[in-house]
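Enquirer: quick one, what's the 3D model for this:
(one chain, ligands or ions: 1)
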Amino acid sequence: MSKFKKIETPIEGLYIIEPTVYGDNRGFFMESWNKKEFQEIGLNMEFVQDNHSRSTKGVLRGLHFQNPHSQGKLVRVIKGIVYDVAVDLRKNSKTYGQYYGIILSEENKKMFYIPEGFAHGFLVLSETADFMYKTTDYYCKECDGGIIWNDPDINIQWPLKEYVIEKPILSEKDKQLPTLKEYNEKNI
Ligand SMILES: Cc1cn([C@H]2C[C@H](O)[C@@H](COP(=O)(O)OP(=O)(O)O[C@H]3O[C@H](C)C(=O)[C@H](O)[C@H]3O)O2)c(=O)[nH]c1=O
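Expert: Numbering: from 1, shown residues only. Next up, the predicted model:
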């Protein structure tokens, strides 16, 4: 039996992963990724890069993807709380344009397994959040693409009010991202 539990989402190939956490009087230990244990539950993404970002409350990073060199991701939060979102942009997917969001936190230790072909982003809900993730392809600046966080067609229900966030803090780059419709008009 694998040390990791794979939980389905309404979007095919997108999973919530729950690790086994070994607690004792010192604290806890957990494996955050194990190639063999992941293969045992049918998860075969091979990672080549490990990332760490830290953000303050209200920061929203995303919605990003690379095209070409789309990156599959295994994401988790080691400090704080975020609302993490994956948007299905796989051309022939029956859930194209649909999103799934999940709270990832230091406390719940949940991980989000996001295949290639998705846009990804997150909103920081705690004073600060440390976000760690592995990717299946290398960063490619020239391949950087993105969709605006509040695309009306995707209609992501970011928990801004629930966490008393008036409006998200975005990078200059993210402020100027197109909607999915605008992106497709320019890139098809
Ligand atoms: C992503 C990345 C960035 N950088 C450099 C490029 C910039 O000088 C600096 C910040 O980059 P950026 O503003 O694109 O970082 P984020 O806004 O956190 O971007 C990420 O945000 C969302 C949530 C993602 O899922 C992607 O991994 C990625 O797009 O780090 C690198 O050197 N390597 C990298 O892999």
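Enquirer: so how far is the ligand from the residue of the chain positioned farthest from its centre?
Expert: For the chain, the largest distance from the centre (Cα atoms, centre = their mean) belongs to Asn25, which lies 31.9 Å off. To the ligand, Asn25 is 36 Å away according to Cβ to the nearest ligand atom, to the nearest Å. All C-beta atoms are positioned from the backbone trio N, CA, C, and that covers glycine.
Enquirer: for Tyr15, see how far away that residue is.
Expert: Separation of Asn25 from Tyr15 (Cβ to Cβ, to the nearest Å) stands at 32 Å.
Enquirer: same check on Pro178?
Expert: 29 Å.
Enquirer: got the contact list for the longest helix anywhere in the chain?
Expert: In the chain, assigned by DSSP state H, the helix with the most residues is helix 180-187. Applying Cβ atoms under 8 Å, 6 or more residues apart in numbering, the contact partners of helix 180-187 are 67, 87, 89, 97, 145, 147, 151, 153-154, 178.
Enquirer: what are the buried residues along it?
Expert: 180, 183 (16 or more other Cβ atoms under 10 Å).
Enquirer: strands - which of the contacts of helix 180-187 land there?
Expert: Using DSSP state E, the members of the contacts of helix 180-187 that fall within strands are 87, 145.
Enquirer: return a ChimeraX selection command for the buried portion of the contacts of helix 180-187.
Expert: A single ChimeraX command selects the buried members of the contacts of helix 180-187 (16+ other Cβ under 10 Å):
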select :87,89,97,145,147,151,154,178
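Enquirer: which of the contacts of helix 180-187 sit farthest apart?
Expert: Asn67 and Asp153 (18.5 Å; Cβ to Cβ).
Enquirer: tell me where the chain has strands.
Expert: Counting by DSSP E, the strands of the chain are 4-8, 15-19, 21-24, 27-30, 49-56, 60-66, 73-79, 81-88, 99-105, 111-114, 118-124, 128-135, 144-146.
Enquirer: need the ones you listed in CSV with mean pLDDT, can you?
Expert: Below are the strands of the chain laid out as CSV (pLDDT from 0 to 100):
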stretch, mean pLDDT
strand 4-8, 98
strand 15-19, 98
strand 21-24, 98
strand 27-30, 98
strand 49-56, 98
strand 60-66, 98
strand 73-79, 98
strand 81-88, 98
strand 99-105, 98
strand 111-114, 98
strand 118-124, 98
strand 128-135, 98
strand 144-146, 95
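Enquirer: great, nothing more from me.
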